[in-house]
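Colleague: Structural data only, the sequence is not supplied:
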C-alpha cells in the first residue's frame, strides 16, 4: 500500500487473498495466499506448496520480452518446492521473502525483492516486480545482488528508464544491508515462523483477472 493511499479495513489473519504482479498490459501473475498480518507497520503473506496460481505462458528467458509487448497469455501453475513468506512495510518499494524447502521446512534464506509499494484491491494487493533481487545468506552474514543482467535488459526494452533502474538498485542495496544489521532480528523471527495447523490451502478467486 502506498504511503498516501487511504487505509481500508485490514484483512484478518487467516484470510485468503490474491497477490497480483502487474505490468502495464494487465495482470502478469496472480497468486493465492493466506494473510499473516495486515497492519499499519507490516503486510505479510504465506504462500503454500500446492497453491495453484496464474502466470504468463512463456519461459523465464522470454518473460521480459513478453512483458514489454504489453500482451500475453496466462496459464495455471502449481507452487512447488518451497514454503514462502512474503512481507513488506507499507509504502516501501520492496518486499522481503523468507524461504523454506518443502515439505521439511529447512530454512533456505531470504531475498529482497524490489517492487512497487503495495496497492490494495478488493481481492488482495497489486504490485509490479522490479526484476532485480538481493539474496541474503541463511546465516545473515552477507548478501549479493542477483539478476542485474535482467534489469539491464528491462531497461533496454523500455520497462524502466535508466534513472529508475539506478533507484531500484540503490533501494535494493539499502534494504539488503539493513537485513543483516537493523532488521536482523525481524528476519530471524520469520525463519522461526510456522503456519497454524488449521489453515487451508487458498484458491484463486474468480475475479482475479479484473483490472
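Modeller: Arrived safely, thanks for sending. Please read all numbers here as calculations on a predicted model, not as lab measurements.
Colleague: C-alpha only now, for contacts and for neighbours.
Modeller: Noted.
Colleague: And the next helix or strand past the longest strand along the chain?
Modeller: Assignment by DSSP state E gives strand 26-38 as the longest strand of the chain. Moving toward the C-terminus from strand 26-38, the next helix or strand (DSSP states H and E) is strand 43-47.
Colleague: For the longest helix seen in the chain, which outside residues touch it?
Modeller: Of all segments of type helix in the chain, defined using DSSP state H, the longest is helix 162-179. The contact list for helix 162-179, computed with C-alpha atoms under 8 Å, 6 or more residues apart in numbering, reads 93-94, 112-114, 130, 132-134, 136, 140, 143, 145, 151-152, 155, 184, 187.
Colleague: helices and strands around the longest strand of the chain, which ones?
Modeller: Where contact means 3 or more C-alpha pairs under 8 Å, 6 or more residues apart in numbering; DSSP states H and E, strand 26-38 is packed against strand 16-23, strand 43-47, strand 52-56.
Colleague: any idea of the mean pLDDT in the longest one?
Modeller: For strand 16-23, the mean per-residue pLDDT is 98.
Colleague: Okay, angle between that strand and strand 26-38 too, please.
Modeller: 140 degrees (axes from the mean of the first three to the mean of the last three C-alpha atoms, to 10 degrees).
Colleague: Where does pLDDT dip in this protein?
Modeller: Within the chain, the stretches with pLDDT under 70 are 1-8.
Colleague: and the closest residue to residue 180 other than its chain neighbours, how many neighbours?
Modeller: Leaving aside its chain neighbours, residue 180 sits nearest to residue 140 (5.3 Å; criterion: C-alpha to C-alpha, 6 or more residues apart in numbering). A total of 15 residues lie near residue 140 under the criterion other C-alpha atoms under 10 Å.
Colleague: residues contacting residue 140?
Modeller: 179, 180, 184.
Colleague: can we see that at 10 Å?
Modeller: Residues in contact with residue 140 (C-alpha atoms under 10 Å, 6 or more residues apart in numbering) are 109, 110, 179, 180, 181, 184, 187, 188.
Colleague: Give me the phi and psi angles of it.
Modeller: For residue 140, the backbone dihedrals (degrees, to the nearest 10) come out as phi 60, psi 30.
Colleague: Could you do residue 63 as well?
Modeller: phi -60, psi -40.
Colleague: for residue 106, same thing?
Modeller: Dihedral angles for residue 106 - degrees, to the nearest 10 - are phi -80, psi 120.
Colleague: Quick check: chain neighbours aside, which residue is closest to it?
Modeller: Take residue 106 and drop its neighbours on the chain: the residue closest to it by C-alpha to C-alpha, 6+ apart is residue 100, 5.1 Å away.
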